[in-house]
Each structure stands twice: as C-alpha cells, then as structure tokens.
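S.K.: 3D model of this:
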Amino acid sequence: MNLMTSPVVDPILQDNGLRIPLSDGQSHHFNYHWLRDNCPSSFNSITRERSFDIFHLENAPKASSAEVVGDALEITWAGEDHVTRFPLAWLESYKTTGRRPDPADLAREPWYGDDYPNVPRFSQPALKADPALRAKWIEMMLVKGFVIITDMPDSNEGLTETAEMIGQIRPTFFGDYFDVKTHINPTNTAYTAAALELHTDTPAEENAPGVQFLHCRANTVEGGYSVYADGVAVANDFRARDPEGFKILAQTKVPFFCEHDSYDMRSRQTIIELDQHGEVSGLTISQHMLDISDLDQELLDLWYPAFCRFGKMLQEEKYMMTFLMKAGECMVFDNHRIVHGRAAYTAESGDRYLRGCYTDRAEMRSNYRALVSEGRFK
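M.R.: Purely as a prediction, here's the structure:
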C-alpha cells in the first residue's frame, strides 16, 4: 500500500474537475460530478445506498475552493452550503481507471476426465453449521465449477436448505424443482431411461440458470452412469487447436428452443461464453434443444463444421468424467460451465430418482463476497 503524504501544491480547479497530485507524484484529474455524487455524506450508513440525488442540483456541480487539510481533500461547492471531505487514501483507489477489485473474480482451474477423486466434497450438515466452510464451497464452485455435497437428508426440504445456502431457488419453465425419473408421458429426454448427451440445461431461456443442484435420492438401476465434463477445459484446448472454429462459436449467436403444450421458450446464445477478460467462462450447448438454424447458409458452411469439431472434442475420453451417483449425494455445478449427461439405464432394474433445482451465479458470487470481504460500508 502506498503511504500518503500531503501534496506539494494545492489542487488546481478546472472547468470540469480538479487536478491533485497523489502518492505517485503525478497530478490526477477528478470530475466534479463524480466528486459531488460520491461525497461520503451521499450514502446512507444504514441502507448503504446513495441517498443524494444529483438530479436535484439546479446547476452542474463546481468547486468554489479546494485544499488539502491534513490527510484529506476538502472541497467547498459553489452555490451550495456543502463541504465534501475525501481522505486522500480513498482517492488513491480511483486515480486510475479500472473495475473495483472483486474477491469473486477468481481464476478458473480446468479439470479433466480423471478428476473424480479430486472433486471437492462437503458434508451438508457441516456446511449448515460453518459460514467459513460455505465460503470454501462457493470458492470451489468459482474455481472448479463442480462439487459434491455428501450426507444429504433424504427429503425435499434437504435440497431446499442446501440450495438456499448460496442463493434463492430460481424457477424455470419446468417449475421451482424438477424430478428426474421415468415419466409415462415425458416432456423432456431426461424423464426417460434413454441416454443423455452432454449438455447445459435450459439453453432456450434468455438467461439460463447459473447453478444446478442434482440430489440423488435413489440409484439402484443397471446403467445410468453420470457423465460430466469441464466446458472451460475443453473450450480452452479448442481455442489452441482450432482458433478460427473457436472464434465463430464464441461470436455467433444461434437459436435454441424448448416447446410443449404449455410453453414455447426461445433464445439466441453463443456456444462458447467469454467473460469480461475474454477468458472462457462456459458453454451453452444442447443438441436436443438446438433450434432449426435461421443463419445465413454460407455462414453455416463455417459454423456447422466448427460446431461438430467442438462437439466431438467434448466427447473425447480425456475430458469425460464418468461415475455412478450415490443416494445421499448432491451434485452442484455451474450450469454455464459444466456439461453433463448420462448413459442409458434399464428402468425396470431398480429405482433411479434425482430431484433438482437451480440458483443463479450472480447471487452465489454475492454471497461469496459477503462471506469473505468487508465491502465498502461495514
């Protein structure tokens, strides 16, 4: 951390802001609107929200005087009976352009098909009792995207209380919860005993849910092995192997659908999702919910071969983690990053029942920040 010393000269007042030297010896410009809007008195200490309304100023804010007093900048505003006092150390945080540091902006750790023994595991009762352990759980979700919760209660309530530790239940057009077992009149391939290709869930929603919970209540059937793969690992390798194919899948939005008697959901998504840094953050992929493409046919001359090359790469043994889910376990994974599927099973050979729900990634990150940092107002 820089040690602050008082500037050699007082701030220089200009038309749109002031300039003040800071610890790096450079003179830095601060806009008057920004300074007035972010006066410490502009925020309510209880609600932690801005209570000052800059729209109510009759004229654009402008300093009539400004000086450094001790370790703070004091600004007297023209046309107002108001003085703002900024600690110089606080101004240091905003002297250069950039996003506020985010404790939830963690580097993703790719994983591969042999990772099952290393999957982070947490006991559900322990998570309920220990906020620090919940923070570690979310950290692993941000870094690896996939964890297993053990010692789950054999109840609907057990899934709810587990999901609500990191977010509110996020409804989809399937409802608040969904039950994965064979249905007499299935509305989804998951509700049959057939194999499921690797996919992300509900791609036809404009904003698909970010975190998926799959609570295994029973699994005694023949077959039905679960398959998971890290979309980040595959897409990163695809970027190196096929840069042009990567580019077209990351830039071209394609249509997805989910249609039945009571719903007709549609969206447009890129197959590969990039974050604010241009890094791969996940996928949107589902062959059984990919709509009939309306893209230019000559564009499809490039897009379809890239899509097929990527889809085949997803199924390479190097990436696929295959295992049998056990009753009392809950798979929790990033639905925008982790692709999942299953092998076919014999429905008459036993009982297979998974109960699932979703929460959102943004709320998960919010909970993580609250658990590990002081924020700006605590």
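
S.K.: okay, Pro203 and Val232: tell me how far apart.
M.R.: Note on Pro203: its distance to Val232, by Cβ to Cβ, to the nearest Å, is 17 Å. The C-beta positions use only the backbone N, C-alpha and C, and glycine is treated the same way.

S.K.: Arg36 reaches Thr84, doesn't it?
M.R.: Yes: contact criterion Cβ atoms under 8 Å: Arg36 and Thr84 qualify, at 6.9 Å.

S.K.: what pairs with the helix or strand harbouring Glu197, and is each one parallel or antiparallel?
M.R.: Secondary structure assignment for Glu197, by DSSP states H and E: strand 196-199. Its sheet considered, strand 196-199 pairs with strand 338-342 (antiparallel) by DSSP bridges.

S.K.: what does the strand it pairs with contact?
M.R.: Under the contact criterion Cβ atoms under 8 Å, 6 or more residues apart in numbering, strand 338-342 has outside partners 145-146, 195-200, 212, 224-231, 283, 285, 314, 331, 333.

S.K.: for the chain, longest helix please?
M.R.: Counting by DSSP state H, the longest helix found in the chain is helix 297-314.

S.K.: tell me what that one is packed against?
M.R.: Secondary-structure packing of helix 297-314 (3 or more Cβ pairs under 8 Å, 6 or more residues apart in numbering; DSSP states H and E): helix 231-241, helix 243-251.

S.K.: rewinding a little: list the residues that contact both of Arg36 and Thr84?
M.R.: Common neighbours of Arg36 and Thr84 (Cβ under 8 Å, 6+ apart) are Trp77.

S.K.: and the longest helix of the chain, C-alpha only, in PDB?
M.R.: Extracted C-alpha coordinates of helix 297-314, given in PDB (Å, rounded to 0.1, in the frame of the first residue of the first chain):
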ATOM      1  CA  GLN A 297     -26.500 -20.700 -45.200                       C
ATOM      2  CA  GLU A 298     -23.000 -19.600 -46.200                       C
ATOM      3  CA  LEU A 299     -22.200 -18.700 -42.600                       C
ATOM      4  CA  LEU A 300     -23.400 -22.300 -41.700                       C
ATOM      5  CA  ASP A 301     -20.800 -23.600 -44.100                       C
ATOM      6  CA  LEU A 302     -18.300 -22.400 -41.500                       C
ATOM      7  CA  TRP A 303     -20.300 -22.700 -38.300                       C
ATOM      8  CA  TYR A 304     -21.600 -26.300 -38.500                       C
ATOM      9  CA  PRO A 305     -18.100 -27.900 -39.100                       C
ATOM     10  CA  ALA A 306     -16.700 -25.900 -36.200                       C
ATOM     11  CA  PHE A 307     -19.700 -27.000 -34.000                       C
ATOM     12  CA  CYS A 308     -19.200 -30.600 -35.000                       C
ATOM     13  CA  ARG A 309     -15.400 -30.500 -34.300                       C
ATOM     14  CA  PHE A 310     -16.100 -29.000 -30.900                       C
ATOM     15  CA  GLY A 311     -18.900 -31.400 -30.100                       C
ATOM     16  CA  LYS A 312     -16.700 -34.400 -30.900                       C
ATOM     17  CA  MET A 313     -13.900 -32.900 -28.800                       C
ATOM     18  CA  LEU A 314     -16.300 -32.700 -25.800                       C
END
